[in-house]
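S.K.: how does the following fold in three dimensions:
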Amino acid sequence: AGKSVSGYLLVPALGDNGARVPVSLVRGSGIGPVLVLVAGTHGYEYPGISALQRLRQSIDPRALRGTLILVHIANPPSFYGRTIYTSPADGKNLNRVFPGRPDGTLSERIAYEITTQVIAQADFLVDLHAGDGNEALRPYVYMPVTGDAQLDAATRGMALAFGLDHIVIDAAQIRPHEATQFVDQTALARGVPAITTEPGQLGQSDDRSIALAEHGIHNLMRHLGMLEGTPEPNSSVVWLKDYQVIPSPVTGVFRATVRDGYAIAEGGLLGELYDPFGARIGDVRAPFAGIVNYVVGTPPAVEGQPLAMVSRISALPAP
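M.R.: Here you go, the predicted structure:
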């Protein structure tokens, strides 16, 4: 109690190089919950990674109640390979292969180790994302709604405490234990309240985005009673629902005509598609009126990959 340690979660080699996932354990001097903070699930999303580095260096275990488990870089192959979405080791998206397999590809084995060694210890969990290297994104939180009143109340409290002013209500049903796919779903399937946060964009590691993540983490720890002080309430939340990711219908060149956070009408133009020679080959339009959560801000468009995400504005959810 009252101490901290850092080291590596070792993912054994299996026809590849394996991986070393950097993890810190901070055990407070007082009794409290176990909060798991996971950064770098997508290796090109940096603000959460930087925020956890700062937290590790600044947190005083003697002033903490409960335990922090910090997964600093969940996806080292993607981080060091500077790849968006997928790992250069196996071409898989780490946030689509949970809970993983001990005999699978490298991404699946990383997911298995994080599930069994880290998520299994959690009382609360935050998966810290950001706009990937291609995504111009307005900060928001995914707040899962499962239908379990107690679990949903705890998750809502976390989403509000994190402090970002846009909250996307994620009404997807809890997935089966053996096919949770996502980090937050892996926690929820085990009865652990969990949210996914998205401050930052375009693979940047700017001070503002890092500060949003830092503030959210500290406010959440105060909300959970892990730190002294009263959490700062967020009284200006824009609630969003029915989010839809719009994939590219073709491989080509994309030119966005909107910015992240823009309001858009049903059928409004999100961007234009061109062939490699500059000839216009199509438009990308909003499926309904709402808010642009993110839009791809770099030219490459790959058939089936996201170009934008749009959500409807929702009335204030019931407490």
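S.K.: thought residue 256 was touching residue 273?
M.R.: No. The criterion here is CB atoms under 8 Å, and residue 256 misses it with residue 273 at 10.8 Å. Where you see a C-beta, it was placed from the backbone N, CA and C, and this is true even at glycine.
S.K.: show me which positions of stretch 47-61 end up buried.
M.R.: 47-53, 55-56, 59, 61 (16 or more other CB atoms under 10 Å).
S.K.: same check, this time on stretch 133-150
M.R.: 133-146.
S.K.: out of those, which comes closest to residue 282?
M.R.: residue 134 (18.6 Å; CB to CB).
S.K.: hmm, back to that, the buried residues of stretch 47-61 in helices, which ones?
M.R.: 47-53, 55-56 (DSSP state H).
S.K.: separation between the residue positioned nearest the centre of the chain and residue 44?
M.R.: Centrality entry for the chain: nearest residue to the mean C-alpha point is residue 129, 3.1 Å, by CA atoms, centre = their mean. Look at residue 129 and residue 44: by CB to CB, to the nearest Å, they are 10 Å apart.
S.K.: ditto for residue 267
M.R.: Taking CB to CB, one finds residue 267 at 32 Å from residue 44.
S.K.: and the strands in the stretch 101-250 of the chain?
M.R.: Secondary structure of the stretch 101-250 of the chain (DSSP state E, counting those that start in this stretch): strands at 124-128, 135-137, 140-144, 166-170, 194-198, 238-247.
S.K.: got those strands as TSV, with distance to residue 310 and mean pLDDT columns?
M.R.: Below are the strands of the stretch 101-250 of the chain laid out as TSV (distance: least, CB to CB, whole Å; pLDDT from 0 to 100):
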stretch	distance to residue 310	mean pLDDT
strand 124-128	22	98
strand 135-137	12	96
strand 140-144	12	97
strand 166-170	11	96
strand 194-198	15	98
strand 238-247	6	96
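S.K.: could you dump those to CSV with distance to residue 156?
M.R.: As requested, the strands of the stretch 101-250 of the chain are exported to CSV (distance: least, CB to CB, whole Å):
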stretch, distance to residue 156
strand 124-128, 13
strand 135-137, 22
strand 140-144, 6
strand 166-170, 9
strand 194-198, 9
strand 238-247, 11
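S.K.: nearest to residue 160 among the ones you listed would be which one?
M.R.: Where these are weighed against each other on CB to CB, the nearest is strand 166-170, at 7.5 Å.
S.K.: relative to strand 140-144, how tilted is the closest one?
M.R.: 30 degrees (axes from the mean of the first three to the mean of the last three CA atoms, to 10 degrees).
S.K.: what mean pLDDT does the top helix by length along the chain have?
M.R.: Longest helix in the chain by number of residues (criterion: DSSP H): helix 207-223. What helix 207-223 shows for mean pLDDT is 97.
S.K.: from here on, call the first residue 201.
M.R.: Yes, from this point I'll number from 201; that puts the last item at helix 407-423.
S.K.: pull the residues that contact that helix.
M.R.: Helix 407-423 is contacted from outside by 235, 237, 247-248, 250-251, 254-255, 264, 324, 326, 328, 330, 339, 357-358, 361-364, 397, 399-401, 427-432, using CB atoms under 8 Å, 6 or more residues apart in numbering.
S.K.: what's the angle from that helix to helix 247-258?
M.R.: Going by the same axes, to 10 degrees, helix 407-423 makes 60 degrees with helix 247-258.
S.K.: show me what counts as buried in helix 407-423.
M.R.: Within helix 407-423, the residues that qualify as buried are 409-410, 412-423, counting by 16+ other CB under 10 Å.
S.K.: report the distance from that helix to the chain centre.
M.R.: 14 Å (CA atoms, centre = their mean, to the nearest Å).
S.K.: equivalent analysis for stretch 361-370, please.
M.R.: Computed by CA atoms, centre = their mean, the separation of stretch 361-370 from the middle of its chain amounts to 12 Å.
S.K.: list the contacts of that stretch.
M.R.: With CB under 8 Å, 6+ apart as the test, stretch 361-370 has contacts from 326, 338-345, 359-360, 395, 397-399, 412, 415-417, 419-420, 422-424, 431-432, 434, 436-441, 443, 491, 493, 511, 514, 517.
S.K.: how about the CA coordinates for that stretch, as CSV?
M.R.: In CSV, the C-alpha atoms belonging to stretch 361-370 read as follows (Å, rounded to 0.1, in the frame of the first residue of the first chain):
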residue,chain,number,x,y,z
ALA,A,361,-17.5,12.9,-14.6
PHE,A,362,-15.0,12.6,-17.4
GLY,A,363,-16.2,16.1,-18.4
LEU,A,364,-16.2,16.1,-22.2
ASP,A,365,-19.2,18.1,-23.4
HIS,A,366,-20.5,15.6,-26.1
ILE,A,367,-21.7,12.2,-24.9
VAL,A,368,-22.7,9.6,-27.5
ILE,A,369,-25.2,7.1,-26.1
ASP,A,370,-24.1,3.6,-27.3
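S.K.: any buried residues in that stretch, and which?
M.R.: 361-364, 366-370.
S.K.: my read: residue 406 touches residue 400, true?
M.R.: Yes. Using CB under 8 Å, residue 406 is in contact with residue 400, at 7.2 Å.
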